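Student: Give me a model of this one.
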Amino acid sequence: ESPVQSAGYLARFHDLEVRSINLDDLMLIPDAPDRDYVVDYESKDLREVRDIISGENVLAGYNLANQNPHPRLWKLIAEKALEELDFSTAEKAFVRAENYYGIQLVKQLKTMTDKNKSKAEVAVYLGKFDEAEAIYRGIDRKDLALQMRNRIGDYSRVVQLLQTGGGSDKLIRIAWDHIGDHYSDRFKWKKAIQYYSQCNNYEKLAECYYRLAMYGELAVLSGQVPDGTALLTKLADMFDSVGMYEQAVDVYIRANNPRAALDCCILQNRWEKALELAETHDFPQTEGLLQRFAGELIQKKKWLEAVELYRRANRPTEAAILLGEIAERAATKDVKPSLAKKLHVLAALEVERHRKRTMDNATNATLNGTKTAAGTVAQATAATLETLMMTSLEANATTTTLVGQTTNNTNSANKTSKAFANAWRGAAAYHFYMLAQRQYYAGNMDAAMKSSIKLCEYDDILAPRDIYSLLALAAYQNKFFGICSQAFVKLETLPNIPEKVKEEIETLAVKIFSENVPSDPAVLPEVYMKCLEVNKSYKACVITGRAILESPSVMCKTCRHLMLEHEKKKDLINCPLCHSELR
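Tutor: Numbers count the residues shown, from 1 in each chain. Presented below is the predicted three-dimensional model:
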C-alpha cells in the first residue's frame, strides 16, 4: 500500500482505519478545537471493497472480502446488501462478521411481505431515520413512524408527529417527560421546567425549582400536590433545608407527619409554632424541651439567646423576667446603667406585648360569644386579663436566675409581681438616674436635685446608697441644706452599711452642718417632700425630671410617661424614656 503523507500524530488504528490528529493546529487554539483536526485514513482493502460495491456489484465485493476477510469488510458488504434488499448475501456477511443482531434483523426482514416496510427497517438500521419516517408516512403508517421515533429516543420528533394528529395524550405526556429528562441530565433546569410543566411531573418539577432556588414557585407547586402523597414529604424537606419553616410545617401536616413538622420548628428555633403544634397534636414533651434548651443557654451565659428563645416561643413573661435579671446584672456588676435601661425597656415592651395580646384575645372571645353590653364586655376582658396575669405571676414565682439556679422564695415572687405590676419602673429608674447625673455634670444643680428626689421611689431597683449620695451632693451644691440633711439621715440609717463607712458619713455631716444651717432657701412643692420622706410617687417630666403639677403635658402612648409641653422641642421625635416615636 502506498504511503500517505500527513502532519498529524497517530491516534488509533481500528477497523481498517488510521486516525490522526493535527496537534500543531489544535494547540494553537486549544479551547476551541475543530473537528477537522481529526483525520481518518482508510486502508487499501477497505477502499477497494467500497469502490466495488458502490458500483452495485455486491457479489464481487463479497469475493474480494473473502480473500482478505475482516469484520469491517463484512459489515460494509452486509449494509450494502441490505440497501439492495439482497437478504441472502447480507445474511452470509453478517455470519462471517459474527454479528448476531444483524442475523436476527435479516430473519425479520425475510418475513415481511411489504418491501416498503423492509426498506424502512433497513433505513432505521443504517441510521437514516428521516428516510425511514418518509417511507412510513408514504405508506400511511404514521403509527410505525411514531414507534420508530420512540425506539430511537427522538422525543422532540414524537411530539411533532403527535401534534399533527394521531396518538394519545398519554403518549405526548411521556414524550414531554423524556424531553425534560434530556435537559435535566444536562443541568439545563429552565428548559426542563418547560416540559415537566406540560406533563405535570410534579416530582421532577420540584427538583428543578429547588435547583434553581425558585422557592416561590416551589411553594405554589406544593399547593397543587394532593394531600397524603409521598411527594409532600420530599417537598417539606426542601422547604426545611432552606429555612422556610411555615411552608415546611404546612406540607408536613398535609403529609400526615406532624412529628416532622414539630422537629422542623424546634430545629429552626420557631418555638411559638412548635408549642402550637405540640398542643394541637398532643406532644407534651415539647414544653420540657423548651425549658431544658433555655436552661442550657442560661448556663452557657447566652442570656440574650435565651430571651430570643422565649420570645419566639411566645413566652413574654419569661423573656421579661430574664431581661430584668440581665439588666440588674449590667447595672450592679458591669456598672452600665445605659445598658440596664435598654434592657428594662425591652422587658417592659415584652410585658406590654403580652398584655395587649391577652386583651385582644379576651375581647375577641367575648365578642364572638353572646351579645353583651359594652360595659359587660370591658369587665369580662379586664377580669380575664387579671386572671391570666396572676396565673402567669404564680407560675413564674419560681424564676431561673442568671447562673442557672432556681430560687423559690418570697422575695423573688414579690420582685416578679412588682415588676409586672408596673413594667416601666425599671426603665424609668435608670432613666431618671442618668438624667440626674447628666444634669449634675452640666452644672444644673437645681434640676439634678429634683431628679434625684424622684429616684427615692425607686430604692427597690437602684442602690439606696447611690440614690441618697447623689441627692446629698446635688442638694449641697444647690445650697438646699435641709434636703441635704435629710439625705444624710437616710444614708446614716441604711441597713447593712459598714461601720467605718457610717462613721465617715457622720463625720462629713457634722463638718457640713456645723458650717451651714440645715434649711432650704425655698420651699419645695409637697410632692417632692413626700417622695423624699415616704417614697410617694409623683408624675415627673421625663425631659427635665421636674414634677408635673398643673402645667400642660404630653403623654407617650407607649410607656405612658409624661413630659412638660413647654419643654418638648419641635424636633423631638422620640420619647426620651422608651425611645418610641411620638405620635
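
Student: which helices and strands sit right next to the strand or helix carrying residue 365?
Tutor: Assigned by DSSP states H and E, residue 365 falls within helix 337-367. Contact analysis of helix 337-367 by 3 or more C-beta pairs under 8 Å, 6 or more residues apart in numbering; DSSP states H and E lists helix 316-332, helix 374-395, helix 425-441 as its packing neighbours. All C-beta spots, glycine's among them, are computed from the backbone N, C-alpha and C.

Student: residues contacting the most centrally placed residue in the chain?
Tutor: Centroid-nearest residue in the chain, with C-alpha atoms, centre = their mean: residue 243, separated by 3.3 Å. Applying C-beta atoms under 8 Å, 6 or more residues apart in numbering to residue 243 gives the contacts residue 268.

Student: hmm, back to that, lowest average pLDDT across the helices and strands packed on helix 337-367?
Tutor: When the helices and strands packed on helix 337-367 are compared by mean pLDDT, helix 374-395 comes last with a mean of 49.

Student: if we can go back for a sec, what angle do helix 425-441 and the helix holding residue 365 make with each other?
Tutor: 150 degrees (axes from the mean of the first three to the mean of the last three C-alpha atoms, to 10 degrees).

Student: Thought residue 578 was touching residue 345, still the case?
Tutor: Yes - taking contacts as C-beta atoms under 8 Å, residue 345 lies within contact range of residue 578: 5.5 Å.

Student: Quick check: neighbours shared by the two?
Tutor: What both residue 345 and residue 578 touch, as defined by C-beta under 8 Å, 6+ apart, is the set residue 427.

Student: need the helices for the stretch 1-150 of the chain, in chain order.
Tutor: Ranges of helices in the stretch 1-150 of the chain, per DSSP state H, counting those that start in this stretch, are 23-28, 44-54, 58-67, 71-83, 87-97, 100-110, 115-125, 129-138, 142-152.

Student: Save these as CSV, and put in mean pLDDT and distance to residue 446 too.
Tutor: Formatted as CSV, the helices of the stretch 1-150 of the chain follow (pLDDT from 0 to 100; distance: least, C-beta to C-beta, whole Å):
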stretch, mean pLDDT, distance to residue 446
helix 23-28, 88, 92
helix 44-54, 83, 116
helix 58-67, 83, 123
helix 71-83, 87, 114
helix 87-97, 88, 116
helix 100-110, 89, 110
helix 115-125, 87, 107
helix 129-138, 86, 102
helix 142-152, 83, 98
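
Student: Can you say which of these is packed in most?
Tutor: helix 71-83 (a mean of 22; mean count of other C-beta atoms under 10 Å).

Student: same for that helix, what does it pack against?
Tutor: Partner elements for helix 71-83 (3+ C-beta pairs under 8 Å, 6+ apart): helix 44-54, helix 58-67, helix 87-97, helix 100-110, helix 115-125.

Student: Save those as TSV, and put in distance to residue 31 too.
Tutor: TSV is the format used below for those (distance: least, C-beta to C-beta, whole Å):
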stretch	distance to residue 31
helix 44-54	34
helix 58-67	43
helix 87-97	41
helix 100-110	40
helix 115-125	38
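
Student: picking that back up, just the pLDDT at the residue nearest to the centre of the chain, thanks.
Tutor: According to the model, residue 243 carries a pLDDT of 90.

Student: Does it belong to a helix, a strand or coil?
Tutor: Under DSSP: H, G, I helix; E, B strand; the rest coil, the three-state class of residue 243 is coil.

Student: for it, phi and psi?
Tutor: The phi/psi pair for residue 243 (degrees, to the nearest 10) reads phi 80, psi 10.

Student: distance of it from residue 425?
Tutor: 39 Å (C-beta to C-beta, to the nearest Å).

Student: and if you look at residue 452?
Tutor: 17 Å.

Student: Show me which of these two is the more surrounded one.
Tutor: Neighbour totals were compared for residue 452 and residue 425, and residue 452 leads with 30 against 17 (other C-beta atoms under 10 Å).

Student: What residues does the more buried one make contact with?
Tutor: Counted by C-beta under 8 Å, 6+ apart, residue 452 has contacts 436, 467, 470, 471, 474, 475.

Student: Under the pLDDT cut-off, which ranges of this protein? List them.
Tutor: Where the chain drops to pLDDT under 70, the residues are 56, 166-167, 286-287, 290, 314, 331-332, 334, 366-421.

Student: Tell me if I am right that residue 544 is in a strand.
Tutor: No - according to three-state DSSP, residue 544 belongs to no strand; its state is coil.

Student: Give the closest residue to it in space, chain neighbours not counted.
Tutor: Distances taken as C-beta to C-beta, 6 or more residues apart in numbering put residue 567 closest to residue 544, at 5.5 Å, once the chain neighbours are dropped.

Student: If you tally nearby residues, what's the number for that neighbour?
Tutor: Counted with other C-beta under 10 Å, residue 567 comes out at 15.

Student: That one in helix, strand or coil?
Tutor: coil.

Student: shouldn't it be in contact with residue 541?
Tutor: Yes - when contacts are counted by C-beta under 8 Å, residue 567 is listed as touching residue 541 (6.1 Å).

Student: what two of the contacts of residue 452 are the furthest from one another?
Tutor: 467 and 475 (12.3 Å; C-beta to C-beta).

Student: list the buried ones in the helix or strand residue 239 falls within?
Tutor: According to DSSP H and E, residue 239 maps onto helix 230-241. Residues 231, 232, 233, 234, 235, 236, 238, 239, 240 are the ones in helix 230-241 that count as buried (16 or more other C-beta atoms under 10 Å).

Student: can you redo those residues as JSON lines with distance to residue 147?
Tutor: Compiled in JSON lines, the buried residues of helix 230-241 are given as follows (distance: C-beta to C-beta, whole Å):
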{"residue": "231", "distance to residue 147": "32"}
{"residue": "232", "distance to residue 147": "37"}
{"residue": "233", "distance to residue 147": "38"}
{"residue": "234", "distance to residue 147": "34"}
{"residue": "235", "distance to residue 147": "36"}
{"residue": "236", "distance to residue 147": "41"}
{"residue": "238", "distance to residue 147": "38"}
{"residue": "239", "distance to residue 147": "42"}
{"residue": "240", "distance to residue 147": "45"}
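
Student: Tell me the one among the residues you listed nearest to residue 326.
Tutor: residue 240 (32.2 Å).

Student: For that closest one, give its distance to residue 261.
Tutor: Counting by C-beta to C-beta, the gap from residue 240 to residue 261 is 9 Å.

Student: Need the overlap of contacts for those two.
Tutor: Contacts common to residue 240 and residue 261, judged by C-beta under 8 Å, 6+ apart, are residue 248.

Student: before we move on, the earlier item: give the buried residues for the helix holding residue 365.
Tutor: 337, 339-352, 354-355, 358, 362-363, 366.

Student: hang on, the earlier thing: quick one: which of the helices of the stretch 1-150 of the chain is nearest residue 275?
Tutor: helix 142-152 (55.3 Å).
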